[in-house]
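**Q** test case, fold it:
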Amino acid sequence: MSNVVNAFVKVESDLDAALRKLRKKIEKEGLIKEMRKNMYYEKPTQKRRRKMLKAKKKMRRMQDKMARYDRRK
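**A** Presented below is the predicted three-dimensional model:
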């Protein structure tokens, strides 16, 4: 997947502030996350396992949240 990111930052006087703005724009686009994800090859079984564990964790959080909600009643 090819992502094209156009992040223009106007540099007036403070270069550090311009760099911070650029980093925020790049992070908002999700480019950093995508680069880190694609840095190393991940086997298909590892991807499925990671996704499954993420889904289980999400379900556990939802169940805990619902249990807390039920206790309030």
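**Q** for the rest of this, base every contact and every neighbour count on C-alpha atoms.
**A** Fine.
**Q** what's the domain layout of this structure?
**A** Taking automatic domain parsing as the reference, the chain has its domains at 1-40, 42-73.
**Q** quick one: residues contacting the spatially most central residue of the chain.
**A** What sits nearest the mean C-alpha location of the chain, by CA atoms, centre = their mean, is residue 33, with 5.6 Å. Residue 33 is in contact with residue 27, counting by CA atoms under 8 Å, 6 or more residues apart in numbering.
**Q** on that earlier part again, can I get the domains of the chain in TSV including mean pLDDT?
**A** Below are the domains of the chain laid out as TSV (pLDDT from 0 to 100):
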stretch	mean pLDDT
domain 1-40	82
domain 42-73	93
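**Q** now the residue nearest to the centre of the chain: how far from residue 68?
**A** From residue 33 across to residue 68, the span is 33 Å (CA to CA, to the nearest Å).
**Q** which SS class is residue 64?
**A** Recorded secondary structure, residue 64: helix (DSSP: H, G, I helix; E, B strand; the rest coil).
**Q** now do residue 36
**A** Assignment for residue 36 (three-state DSSP): helix.
**Q** can you get me a residue count around it?
**A** 9 (other CA atoms under 10 Å).
**Q** could we number from 53 for the rest of this?
**A** Yes, from this point I'll number from 53; that puts the last item at residue 88.
**Q** next up, the contacts around it.
**A** So residue 88 contacts nothing (CA under 8 Å, 6+ apart).
**Q** quick check: closest non-adjacent residue to residue 70.
**A** Leaving out its chain neighbours, the residue that sits closest to residue 70 by CA to CA, 6 or more residues apart in numbering is residue 63, at 5.7 Å.
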